[in-house]
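No sequence on hand, only this structure:
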Ligand SMILES: Cc1cc2nc3c(=O)[nH]c(=O)nc-3n(C[C@H](O)[C@H](O)[C@H](O)COP(=O)(O)OP(=O)(O)OC[C@H]3O[C@@H](n4cnc5c(N)ncnc54)[C@H](O)[C@@H]3O)c2cc1C
């Protein structure tokens, strides 16, 4: 959506295909980081964006057994917004879609699922798709595969990926939040358990981390046993866990971390999770996908508009984004190996890792994880031009 929008904003004809009828699904994550908010500012949309209902996270802490450790303080970031905005990704996507529709060359096709690539003389020249009106073919100078971590485009492309593995999956559910609850978004690690709680105003969005492949065992033990585990971990939720009436309210999000060796073929470029599936650690996947989109638009808008795109352009996009992706995934893998895996395996109360203790003793150090989390490696900036846009529907 972001790439389609930026290309259309620069006058390139774009068709964005989305297989679902809307963006209203739960698996998407909820964080919009300062690096993405900075892009909204560069586009002149920050005020409108922050007009959407959201919560602002300025500090993050983790509770390890009974010890609270402040991990991240965003107050000193070199960005306009010194907070992470929490809002459902469907609101973010609807916002981007509304901006995209202001440009005459932007087309969003909902309920349209890409099913295969069109190949002529070794070059990708478009996609085959299934729409409510039947099968259609869309020809294009460039196909961009950004269909997520179960990408059809990736599997049809023949591009090869390296799997890095993940020790966990996530159970994703909501529990109501009371005014008297803590305000801060936080994580809690205890013997064999790990939960992350996102303050979403009148409810907690909970990410209960489980050992990979253990969901069948948890379901077999029944919803009552699961409620007890949640309440034992977070006693202040004991009066509310009954809101989880059945496992229908608890969604399984399967975690994987992988990366394509090569992100392109002539006529095709892969971006976002389709090029590099991200672990949920740090909640950076959405922002990394957005950064890919900005880097791609910066490099591709002019050659696409002039219809003189070359494989060197595609190669250049990968060259720009490969390092920040590798570095981010490496940090996620270290956290998986050193913190998440051992916490899930442990049967005794975990100790606070030495590094985390240092963050508590020297708060100035909290600026380092803040910077890595909120801005990341090699932040991108909008370099694409803007053609004339129509005003947003409903605005002057
Ligand atoms: C448990 C979990 C929690 C996470 N929490 C966060 C978080 O809080 N913050 C964060 O930043 N990241 C989070 N992530 C990572 C984040 O979800 C991804 O990194 C991010 O969504 C990638 O964006 P994307 O645009 O590449 O792919 P996606 O967001 O997966 O979007 C792909 C889109 O393509 C559509 N699609 C798929 N196939 C087709 C097809 N064949 N034809 C047409 N359309 C198709 C899909 O419907 C979807 O809309 C989390 C990941 C997991 C596993």
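Thanks, I have the structure now. Every value quoted in this text rests on a predicted model; they were computed, and no experiment measured them. Numbering: from 1, shown residues only.

The nearest residue to residue 52 once chain neighbours are set aside: neighbouring residues, count only.
Counting by C-beta to C-beta, 6 or more residues apart in numbering, residue 91 is the residue found nearest to residue 52 once chain neighbours are left out, at 5.3 Å. In this view, the C-beta of every residue, glycine as well, is placed from N, C-alpha and C. Other residues near residue 91 come to 17 when the count uses other C-beta atoms under 10 Å.

What of residue 18?
18.

Could you do residue 209 as well?
Neighbours around residue 209, by other C-beta under 10 Å: 22.

so is it in a helix, a strand, or just coil?
strand (DSSP: H, G, I helix; E, B strand; the rest coil).

Pretty sure it sits against residue 167.
No. Taking contacts as C-beta atoms under 8 Å, residue 209 lies outside contact range of residue 167: 9.2 Å.

Quick check: neighbours shared by these two?
Residues touching both residue 209 and residue 167 by C-beta atoms under 8 Å, 6 or more residues apart in numbering: 340, 344.

Show me which residues of the stretch 1-150 of the chain sit near the ligand.
Residues of the stretch 1-150 of the chain lying close to the ligand (C-beta under 6 Å from any ligand atom) are 17-20, 28-31, 113-114, 146-148.

pLDDT wise, what is the residue lying farthest from the centre of the chain at?
Computed with C-alpha atoms, centre = their mean, the residue of the chain farthest from its C-alpha average is residue 121, at 35.3 Å. Note for residue 121: predicted pLDDT of 96.

swap in residue 371?
The predicted local confidence for residue 371 is 90.

Can you give me the neighbour number for it?
18.

Nearest residue to it in space, ignoring adjacent ones along the chain?
Spatial nearest neighbour of residue 371, chain neighbours left out: residue 77 (6.8 Å); criterion: C-beta to C-beta, 6+ apart.

Run through the residues that contact that neighbour.
If you count contacts by C-beta under 8 Å, 6+ apart, residue 77 has them with 34, 370, 371, 374, 375.

distance of the second one from the ligand?
What that stands for is residue 370. Per C-beta to the nearest ligand atom, to the nearest Å, residue 370 is found 16 Å from the ligand.

try the fourth one
Counting by C-beta to the nearest ligand atom, the separation of residue 374 from the ligand is 12 Å.

what's around that residue, how many residues?
28.

Now do the closest residue to it other than its chain neighbours, the pLDDT please.
Nearest residue to residue 374, sequence neighbours excluded (C-beta to C-beta, 6+ apart): residue 34, at 4.3 Å. Per-residue pLDDT puts residue 34 at 96.

Give the helix, strand or coil label for residue 298.
The local conformation at residue 298, judged by three-state DSSP, is helix.

For it, give me the pLDDT.
Reported pLDDT for residue 298: 98.

And for the one 5 residues further on?
Residue-level confidence at residue 303 comes out at 98, pLDDT.

Grab the nearest non-local neighbour of it.
residue 309 (4.5 Å).

Residue 128 now?
Nearest to residue 128 is residue 116, by C-beta to C-beta, 6+ apart, at 4.3 Å.
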